[in-house]
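In: Based on what follows, work out the 3D shape:
(2 chains)
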2 protein chains.
Amino acid sequence: MKPLILVTNDDGIGAAGIKALIEVAREFGEVLVVAPDSPQSGQGHAITLEHPLRLYKVDLFEGITSYECSGTPVDCVKMAKHVLTKDRTIDLCISGINHGSNSSINIIYSGTMSAAMEASIEKIPSIGFSLLDYKMDADFTAAQHYARQIIEKVLKNGMHGTLLLNVNIPKRPLSEIKGAKVCRQAEGHWAEEFIPNVDPNGRPYYWLSGRFNCEDSGEDTDIWALENGYVSIVPSMHDLTAHKAIPAMKFLDI
Amino acid sequence: MKPLILVTNDDGIGAAGIKALIEVAREFGEVLVVAPDSPQSGQGHAITLEHPLRLYKVDLFEGITSYECSGTPVDCVKMAKHVLTKDRTIDLCISGINHGSNSSINIIYSGTMSAAMEASIEKIPSIGFSLLDYKMDADFTAAQHYARQIIEKVLKNGMHGTLLLNVNIPKRPLSEIKGAKVCRQAEGHWAEEFIPNVDPNGRPYYWLSGRFNCEDSGEDTDIWALENGYVSIVPSMHDLTAHKAIPAMKFLDI
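Out: Next up, the predicted model:
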């Protein structure tokens, strides 16, 4: 039987990136799309507790069963698993292709990657894809090429269900990408700027802006790979325990 | 100089839990409160990109500089760091006391713990506290007792800025709590139920419900500690790389 592949994203079901990913996914199996009905960037691992959720069947991608959901990317994965495919196994969850980078710590803020992480909690192998180009009309040719190769290899080799892959593709023509590298998450943070302003009613407000700072010079990081023309692939997980720190923290056994 | 302690939460600045935590924090240093102006449970690591943010000084806790913010818990930490304390070092960030458990994988969905994680990205040592009692009028006596001891020990021993502690307190009287244990995050997932219904306009909707399933029988987990009458302390981190899985995934070097 063909594998069942769940496709979602955080830019919304109308984004060019999810269409590009569906085109690749349909080469490998039966595709189910459950994606947000509006952009959900920066939603992290948010879930909707205070409001009801809407789930509507839509006819957007020829021959593909597709739903739009009023919730977050994580809600979409939960809906797919617990409402739409109760008696079937989802063999792979892929999320994206995100318009913009999710490398380094950006995995944590990313709705795209949080959807993949939710799948990993359900023990569904998952991959999030992001292209380092924020433009809505970005060229997804190179991203599709690498998504195809990575999905093929993961389906063939298998992957532990609790793993998720954070795949980022540099903004370069396919001919200028040197390959793909398995790497670790670079350490970094955002040097935030909040732009202050005053609304028409005279009340002050702030708008989040900022610049990403990488503080990690390792050549085994995703940031290094991307800056040097490689696709970065970071195997990631939802166990946040700092296992190595446990012995040093035993002073807190009270 | 007294340490500067940032206090935030996800239940909102009016919740009983943050008041209980401020009472403890003020024993150890100068306290700055920046908390959401409304409940933000389940917001995970969401940040506000699409809307402006409001930040207002409020007079809620005697002698304590306090602000309410219209954004998520992560926004609150960013505001505290990048708008309110630019030239000063925040020595410790504490979040909570949450009304309800954030043990096991619930750290990922939790606004309380995401605030602590954001502090860790800024290299500010941080601790999230959660009491296993959802009630708004829960008894925080035991939680305060352990928060006091843990904060004292962390300030005395120091802690690496990239670490965060996920502290959960069982719902028991102080006399029935056996102590605190440093442990690892238990593996588990939510057996979700979406309750279907129909709104007054005849349109279907779903509401997220569910039951937590622990699939981890280890006696070194937070779930084990809590079920056996201990406070659980999980040292956690924002590096999500599955370092041990990297060699096995090298088949993806393309």
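In: Please tell me how far residue A:124 sits from residue A:211.
Out: Separation of residue A:124 from residue A:211 (C-beta to C-beta, to the nearest Å) stands at 35 Å. No exception for glycine: its C-beta is placed from N, CA and C like everyone else's.
In: Compare these two (neighbour count), which wins?
Out: Just comparing residue A:124 and residue A:211: by other C-beta atoms under 10 Å in any protein chain shown the higher neighbour count belongs to residue A:124, 22 against 8.
In: Could you list the residues of the stretch 1-150 of chain A in contact with chain B?
Out: Within reach of chain B by C-beta under 8 Å from any C-beta of the partner chain, the stretch 1-150 of chain A has these residues: A:39, A:41-50, A:52-55, A:74-75, A:78-79, A:81-83, A:105, A:107-109, A:114, A:117, A:121-123, A:146, A:149-150.
In: Mark which of these are part of strands, please.
Out: Among these, the members found in strands (DSSP state E) are residue A:55.
In: Which PyMOL command selects the buried ones in the residues of the stretch 1-150 of chain A next to chain B?
Out: The PyMOL selection below is limited to those of those classed as buried (16 or more other C-beta atoms under 10 Å in any protein chain shown):
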select buried, chain A and resi 39+41+42+43+44+45+46+47+48+52+53+54+55+74+75+78+79+81+82+83+105+107+108+109+114+117+121+122+123+146+149+150
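In: Restricted to helices, list the residues of the stretch 1-150 of chain A next to chain B.
Out: When DSSP state H is applied, the residues of the stretch 1-150 of chain A next to chain B are split such that A:74-75, A:78-79, A:107-109, A:114, A:117, A:121, A:146, A:149-150 fall in helices.
In: residue contacts, residue A:139?
Out: A:133, A:173 (C-beta atoms under 8 Å, 6 or more residues apart in numbering or on different chains).
In: how does it look with 7 Å?
Out: Counting by C-beta atoms under 7 Å, 6 or more residues apart in numbering or on different chains, residue A:139 touches no other residue.
In: which SS state does it fall under?
Out: Following DSSP: H, G, I helix; E, B strand; the rest coil, the label given to residue A:139 is coil.
In: mind listing the strands for the stretch 151-254 of chain A?
Out: In the stretch 151-254 of chain A, the strands defined using DSSP state E, counting those that start in this stretch lie at A:163-169, A:179-182, A:188-198, A:204-214, A:230-237.
In: Run the angle between the last one and strand A:163-169 for me.
Out: Orientation check (axes from the mean of the first three to the mean of the last three C-alpha atoms, to 10 degrees): strand A:230-237 against strand A:163-169 gives 160 degrees.
In: Next: the third one.
Out: Here strand A:188-198 points in a direction 70 degrees away from that of strand A:163-169 (the same axes, to 10 degrees).
In: for strand A:188-198, packing partners?
Out: Counting contacts by 3 or more C-beta pairs under 7 Å, 6 or more residues apart in numbering or on different chains; DSSP states H and E, strand A:188-198 is packed against strand A:204-214.
In: now do the last one
Out: The elements that strand A:230-237 packs onto, with contact taken as 3+ C-beta pairs under 7 Å, 6+ apart, are strand A:163-169, strand A:179-182, helix A:222-227.
In: Let's test this: mean pLDDT of stretch A:106-114, rounded?
Out: For stretch A:106-114, mean pLDDT rounds to 95.
In: Now tell me what touches it from outside.
Out: Residues contacting stretch A:106-114 (C-beta under 7 Å, 6+ apart): A:9-10, A:40-45, A:72-74, A:95-96, A:98, A:102, A:128, A:130, A:166, A:185, A:236, B:44-45, B:47, B:117, B:238, B:240.
In: can you check stretch A:181-195 too?
Out: Outside stretch A:181-195, the residues touching it (C-beta under 7 Å, 6+ apart) are A:103-105, A:107, A:206-216, A:220-223, A:225, A:230, A:232-235, B:78-79, B:82-83, B:121-122, B:239-241, B:243, B:246, B:249-250, B:252-253.
In: If we use 6 Å, what do you get?
Out: With contacts defined as C-beta atoms under 6 Å, 6 or more residues apart in numbering or on different chains, stretch A:181-195 is touched by A:104-105, A:206-207, A:209-216, A:220-223, A:225, A:230, A:232-234, B:78, B:82-83, B:121, B:239, B:241, B:246, B:249-250, B:252-253.
In: Separate out the buried members of these.
Out: Neighbour-count burial within the contacts of stretch A:181-195 applies to A:104-105, A:206, A:214, A:216, A:221-223, A:225, A:230, A:232-234, B:78, B:82-83, B:121, B:239, B:241, B:246, B:249, B:252; the criterion is 16+ other C-beta under 10 Å.
In: which element is residue A:23 on?
Out: Using DSSP states H and E, residue A:23 falls within helix A:16-25.
In: which helices and strands does that helix pack with?
Out: Contacts defined by 3 or more C-beta pairs under 6 Å, 6 or more residues apart in numbering or on different chains; DSSP states H and E place helix A:16-25 against strand A:4-8, strand A:92-99, helix A:141-157.
In: how about 10 Å then?
Out: Here helix A:16-25 touches strand A:4-8, strand A:30-36, strand A:92-99, strand A:126-131, helix A:141-157, going by 3 or more C-beta pairs under 10 Å, 6 or more residues apart in numbering or on different chains; DSSP states H and E.
In: Show the average pLDDT along that helix.
Out: 98.
In: just to revisit the earlier point, which of the strands of the stretch 151-254 of chain A is buried the deepest?
Out: Comparing the strands of the stretch 151-254 of chain A by mean neighbour count (mean count of other C-beta atoms under 10 Å in any protein chain shown), strand A:163-169 ranks first with a mean of 28.
In: Please name the residues that touch residue A:2.
Out: A:28-31, A:91 (C-beta atoms under 10 Å, 6 or more residues apart in numbering or on different chains).
In: can you pick the most crowded of these?
Out: Counting neighbours by other C-beta under 10 Å, residue A:31 leads the contacts of residue A:2 with 24 neighbours.
In: Please name the bridge partners of it.
Out: Applying DSSP bridges to residue A:31 gives these bridge partners: residue A:5.
In: just to revisit the earlier point, export the strands of the stretch 151-254 of chain A to a markdown table and tack on mean pLDDT and distance to residue A:35?
Out: Below are those laid out as a markdown table (pLDDT from 0 to 100; distance: least, C-beta to C-beta, whole Å):
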| stretch | mean pLDDT | distance to residue A:35 |
| --- | --- | --- |
| strand A:163-169 | 98 | 18 |
| strand A:179-182 | 98 | 25 |
| strand A:188-198 | 89 | 26 |
| strand A:204-214 | 91 | 24 |
| strand A:230-237 | 98 | 21 |
